[in-house]
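> Pasting the sequence and the predicted model now:
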Amino acid sequence: MNEEEKQAYEWSKNQNYQSVAAKSAKILSDYIDHANSLLEQAVEEIENIYGRETSLSEQIRGSLNR
């Protein structure tokens, strides 16, 4: 994520308003967190299976660190 996207993500994570837009932003940011968690678990499993980093695990890690 670039800086603007990070700010939008952080804003959406902190929404406690009752508007549809705020609720939707919060839901989407929760899905992003869940997807990132699943990807981190996948990297760990890939590396455990192969006993080392692979090009796939490196690519996934790279996408998570943007």
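Yep, that arrived.

> surely Glu47 meets Glu58?
No: counting by CB atoms under 8 Å, Glu47 stays clear of Glu58, with 9.9 Å between them. Any C-beta I mention is one placed from the backbone N, CA and C, and that applies to glycine too.

> helix, strand or coil for the residue nearest the centre of the chain?
With distances taken as CA atoms, centre = their mean, Asn36 lies nearest the centre of the chain, 3.3 Å away. Three-state call for Asn36 (DSSP: H, G, I helix; E, B strand; the rest coil): helix.

> residues in contact with it?
Applying CB atoms under 8 Å, 6 or more residues apart in numbering to Asn36 gives the contacts Leu64.

> Just the pLDDT for it.
pLDDT recorded at Asn36 is 94.

> if I look at it, how far off is Arg66?
11 Å (CB to CB, to the nearest Å).

> same deal with Asn2?
Asn2 sits 8 Å away from Arg66, taking CB to CB as the criterion.

> Where do the helices of this structure begin and end?
Taking DSSP state H, the helices of the chain run over residues 3-13, 20-50, 55-64.

> For Asn2, what are phi and psi?
phi -80, psi 180 (degrees, to the nearest 10).

> pLDDT at it, what is it?
Confidence score, pLDDT, at Asn2: 86.

> Could you do Tyr31 as well?
Tyr31 is assigned 92 on the pLDDT scale.

> Tell me how many other residues surround it.
Applying other CB atoms under 10 Å, we find 10 residues neighbouring Tyr31.

> Kindly report the same for Asn48.
9.

> State the number of residues packed around Ala25.
Neighbours of Ala25 (other CB under 10 Å): 19.

> mind checking how far it is from Ala8?
Taken as CB to CB, the span from Ala25 to Ala8 is 8 Å.

> Could you list the single helix or strand in this structure with the lowest mean pLDDT?
Ranked by mean pLDDT, DSSP states H and E, the weakest helix or strand in the chain is helix 3-13, scoring a mean of 86.

> roughly how far is that one from the heart of the chain?
12 Å (CA atoms, centre = their mean, to the nearest Å).

> What are the buried residues along that helix?
9, 12 (16 or more other CB atoms under 10 Å).

> Check stretch 14-29 too.
Those would be 15, 25-26, 29, for stretch 14-29 by 16+ other CB under 10 Å.
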